[in-house]
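Visitor: 3D model of this:
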Amino acid sequence: MFDIDINRLNDVLTYNPDSPLIFSSGLFLFLFLGFTLVYMLLQKATTARLLFVTAFSYYFYYKSSGIYFVLLALVTVSDYVIGYYIDRVNDSHNFSKTDSDKRYYKTIAKWLVALSVAIDLGMLAYFKYTNFFGQMICDAVAAVTGNGLAWNHLDIFLPVGVSFFTFQSLSYTIDIYRQRIRPLDNILDYAFFVSFFPQLVAGPIVRAADFIPQIRRRLVVTNPMIGGGIYLIIAGLVKKAIISDYISVNFVERVFDAPTLYSGLENLLAVYGYTLQIYCDFSGYSDMAIGIALLLGFEFPTNFNAPYKSKSITEFWRRWHISLSSWLKDYLYISLGGNRKGKFRQYVNLMLTMLLGGLWHGASLNFILWGGLHGLFLCLDKAWKGIAASFSPLTYLGKKGERPSWHTRLTLFPVAGIITFHLVAATWVLFRAPSLQIAGDVFAQIFTMFDISILGQWIASYNGVAFLMVLGYVLHFAPSSWQTNTRKAMGYLPVPLLALALIVTIWIIIQIKSSEVQPFIYFQF
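Guide: Residues are numbered from 1 along each chain as shown. All right, here's what the predicted structure looks like:
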């Protein structure tokens with residue numbers, strides 16, 4: 001019996017590709033309890049605490065991607081060393097007295113940044129895009145020459161979170177090059193920054209400038225931080241394990257697997273369902289990551305801010321996946337020239353940024369088209385605001401400091417919100433559908449087989465899904481003060497009561513969850 005228990009324990013604690021370690025799993029909650037006890041014992045031993053958290057983070061990543069945790073180590077070591085030398089070159093540049101010397105050192109610094117980009121994005125490209133571009137090249141050659149050229153699909157494992165930690169590490173070397181930060185003095189601190197487990201595998205993408213000052217400061221976890229952390233963990237669990245998983249397994253997956261078997265109304269409701277699902281799934285993970293970090297004494301920036309309340313696509317991208325959209329803006333869009341070289345170049349830069357942002361999400365034409373459509377919408381939005389600024393009833397769309405009349409707000413604001421929501425929801429079809437053919441089938445069913453009369457029948461058949469969809473959207477569109485006040489109130493509750501609230505939430509999840517823990521959508525990116 002003892003041998004069987006040891007074998008079972010070994011199976012649980014070692015890597016299982018079919019069961020990655022995620023926040024909503026029972027194993028993580030068990031491990032996190034033990035982790036927290038050791039963490040608090042090391043409260044005043046800063047270096048030992050950093051070493052312990054880094055080791056746990058590497059184990060966490062091992063449980064998600066197996067041996068590929070060596071990639072995390074590779075990125076850490078290479079960017080730490082490159083960042084050190086970029087800073088030395090910057091110092092030489094700053095103290096140079098001749099223009100030729102300044103140009104020389106500037107060139108060296110650029111090459112070092114290029115090396116960091118080549119290592120990080122080269123690794124990302126190999127694991128994520130080898131088969132995609134290989135097949136694309138073969139198809140192009142075949143189309144030009146007329147000779148069949150087959151691509152032998154390579155069995156390449158995509159490590160979890162590789163898109164996130166490569167971007168996070170890149171921000172470090174680029175910010176050193178831009179002289180916004182100085183490099184860290186030891187590699188342990190940098191390994192802690194890159195591997196910190198709450199945001200390691202699915203974000204948010206934390207900037208070095210925001211995180212590094214927190215690493216060696218005195219560890220203080222206040223009651224508001226504990227209450228806020230527990231609130232965010234509970235909110236994330238409800239979003240992910242109750243709302244997102246339930247409507248996905250019990251309705252959305254079925255429709256997107258075979259949209260032609262369902263009516264236009266059911267396809268439309270599935271689009272609304274996935275629009276809610278992906279928000280609850282991803283923002284739920286972000287809430288849990290931010291909440292766990294708060295319990296450990298670290299503060300992360302907000303990653304989602306009620307994105308479906310947006311009145312324009314530009315506003316949507318200021319509210320959706322804020323850490324990624326701001327990263328793309330600061331390190332790609334601005335590097336391309338931003339809006340500094342005229343309107344046409346601004347539109348080109350927007351399109352390139354969003355196309356690459358779409359490709360970042362996955363090696364598929366669906367994602368590229370999704371990014372391209374958002375780029376087009378952003379260009380149209382900026383063009384419209386320029387036109388609207390010339391018309392007094394619409395000045396609120398183009399000028400700051402001017403409030404529209406009450407009737408303008410009453411009529412045009414909801415219209416803008418409804419249009420924006422449906423543009424976003426329509427593009428999510430490309431994001432969710434496994435192929436362009438399936439996406440086309442969804443739209444075809446909606447526009448040719450729509451019958452509102454079966455709504456009552458659908459509600460009766462999918463009453464649980466209908467209830468959670470309504471609940472999810474009501475909570476999303478509720479005043480932001482509700483969330484702020486609830487989070488603040490939980491900061492005044494005693495820790496035992498907070499623990500009880502978390503236990504009750506977990507118990508409810510166990511009662512209604514699907515048979516298997518559903519992985520987070522963004523794990524595949």
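Visitor: torsion angles phi and psi at S310?
Guide: phi -60, psi 150 (degrees, to the nearest 10).
Visitor: test my guess that it contacts G417.
Guide: Yes. Proximity of S310 to G417 meets the contact threshold set by C-beta atoms under 8 Å, at 7.0 Å. Just so you know, the C-beta spots here come from the backbone N, C-alpha and C atoms, and that holds for glycine as well.
Visitor: these two: which has the busier surroundings?
Guide: A count of neighbours by other C-beta atoms under 10 Å puts S310 above the other of S310 and G417, at 20 against 17.
Visitor: could you measure from the more buried one over to R318?
Guide: In this structure, S310 and R318 are 8 Å apart, going by C-beta to C-beta, to the nearest Å.
Visitor: residue contacts, M288?
Guide: Going by C-beta atoms under 8 Å, 6 or more residues apart in numbering, M288 touches F23, S24, P198, L232, I233, G236, L237, K240.
Visitor: nearest spatial neighbour of it, skipping sequence neighbours?
Guide: With C-beta to C-beta, 6 or more residues apart in numbering as the criterion, M288 has its nearest non-adjacent residue at 3.6 Å, and that residue is G236.
Visitor: run a quick neighbour tally on the one you found.
Guide: In terms of burial, G236 registers 25 neighbours under the definition other C-beta under 10 Å.
Visitor: what does it show for phi and psi?
Guide: Residue torsions, per degrees, to the nearest 10, at G236 are phi -70, psi -40.
Visitor: now do the same contact list for it.
Guide: For G236, the contacting residues are F23, S283, G284, Y285, S286, D287, M288, A289, G291, taking C-beta under 8 Å, 6+ apart as the criterion.
Visitor: ok, so of those, who is nearest Q168?
Guide: Checking the contacts of G236 against Q168 with C-beta to C-beta, the nearest one is A289 at 12.6 Å.
Visitor: what separation do you get for the closest one and S326?
Guide: According to C-beta to C-beta, A289 and S326 sit 17 Å apart.
Visitor: now do L72
Guide: Noted for L72: a distance of 23 Å to S326, by C-beta to C-beta.
Visitor: also R88?
Guide: Shown here: R88 relative to S326, a distance of 29 Å by C-beta to C-beta.
Visitor: between the two, which one's more packed in?
Guide: Regarding R88 and S326, a neighbour count based on other C-beta under 10 Å identifies S326 as having more, with 18 against 15.
Visitor: now the more buried one: phi and psi?
Guide: phi -70, psi -30.
Visitor: and it, how close does it get to R217?
Guide: Distance of S326 to R217, computed by C-beta to C-beta: 24 Å.
Visitor: neighbour-wise, which of the contacts of G236 leads?
Guide: Ranked by the number of neighbours (other C-beta under 10 Å), the contacts of G236 place Y285 first, at 29 neighbours.
Visitor: rewinding a little: report the lowest-confidence entry in the contacts of M288.
Guide: Taken together, these show their lowest pLDDT at S24, with 66.
Visitor: so what's R318 closest to, chain neighbours aside?
Guide: The shortest distance from R318 to any residue other than its chain neighbours is 7.1 Å, reached at S325 (C-beta to C-beta, 6+ apart).
Visitor: take the helix or strand harbouring the one you found, keep the C-alpha atoms, and write them as PDB.
Guide: For S325, the element it lies in under DSSP states H and E is helix 322-328. The C-alpha coordinates for helix 322-328 follow below in PDB (Å, rounded to 0.1, in the frame of the first residue of the first chain):
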ATOM      1  CA  ILE A 322      -4.100  46.300 -21.100                       C
ATOM      2  CA  SER A 323      -0.600  44.900 -20.400                       C
ATOM      3  CA  LEU A 324      -0.400  43.500 -24.000                       C
ATOM      4  CA  SER A 325      -2.000  46.400 -25.700                       C
ATOM      5  CA  SER A 326       0.300  48.900 -23.900                       C
ATOM      6  CA  TRP A 327       3.300  46.700 -24.600                       C
ATOM      7  CA  LEU A 328       2.500  46.600 -28.300                       C
END
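Visitor: and that helix, what does it pack onto?
Guide: Identification of packing neighbours for helix 322-328 by 3 or more C-beta pairs under 8 Å, 6 or more residues apart in numbering; DSSP states H and E yields helix 162-177, helix 343-361.
Visitor: distance between the helix or strand just after the longest one and the chain's centre?
Guide: It stands for helix 343-361. Toward the C-terminus, helix 343-361 is succeeded by helix 365-388 as the next helix or strand (DSSP H and E). Centroid separation between helix 365-388 and its chain, computed with C-alpha atoms, centre = their mean, to the nearest Å, is 20 Å.
Visitor: try stretch 360-375
Guide: Using C-alpha atoms, centre = their mean, the distance from the centre of stretch 360-375 to the centre of the chain it belongs to is 15 Å.
Visitor: quick one on the thing from earlier: run a quick neighbour tally on the residue nearest to R318.
Guide: Around S325 sit 20 other residues, with neighbours defined as other C-beta under 10 Å.
Visitor: right, and it touches F316 too?
Guide: No. Taking contact to mean C-beta under 8 Å, the distance of 9.1 Å between S325 and F316 leaves them out of contact.
Visitor: and the residue nearest to M288, how far from Y246?
Guide: G236 sits at a distance of 15 Å from Y246 (criterion: C-beta to C-beta).
Visitor: same thing with F52?
Guide: Using C-beta to C-beta, one gets 36 Å for the distance from F52 to Y246.
Visitor: who's more crowded, these two?
Guide: Set side by side, F52 and Y246 give different neighbour counts by other C-beta under 10 Å, the larger being at Y246 (23 against 16).
Visitor: now do the contacts for the closest residue to V194 other than its chain neighbours.
Guide: The spatial neighbour of V194 that comes closest, neighbours along the chain excluded (C-beta to C-beta, 6+ apart), is T76 at 4.9 Å. Contact partners of T76, counting by C-beta under 8 Å, 6+ apart, are S169, I187, Y190, A191, V194, S195.
Visitor: tell me which two in those residues are the farthest apart.
Guide: Using C-beta to C-beta, the pair of the contacts of T76 lying farthest apart is S169 and I187, separated by 12.6 Å.
Visitor: please identify which of the two sits among more neighbours.
Guide: Under the neighbour definition other C-beta under 10 Å, S169 and I187 were set side by side, and S169 has more, 25 against 13.
Visitor: thought D79 was touching that one, still the case?
Guide: Yes. Look at S169 against D79 with C-beta under 8 Å: they come within range, at 4.6 Å.
Visitor: hey, what's in contact with both of the two?
Guide: Residues touching both S169 and D79 (C-beta under 8 Å, 6+ apart) are D120, V194.
Visitor: so where's the stretch 351-500 of the chain uncertain?
Guide: Judged by pLDDT under 70, the stretch 351-500 of the chain has its weakly predicted residues at 387-413.
Visitor: now do the contacts for G203.
Guide: F164, Y285, S286, A289, N303, H321, S323, L324, Y522 are the contacts of G203 under C-beta under 8 Å, 6+ apart.
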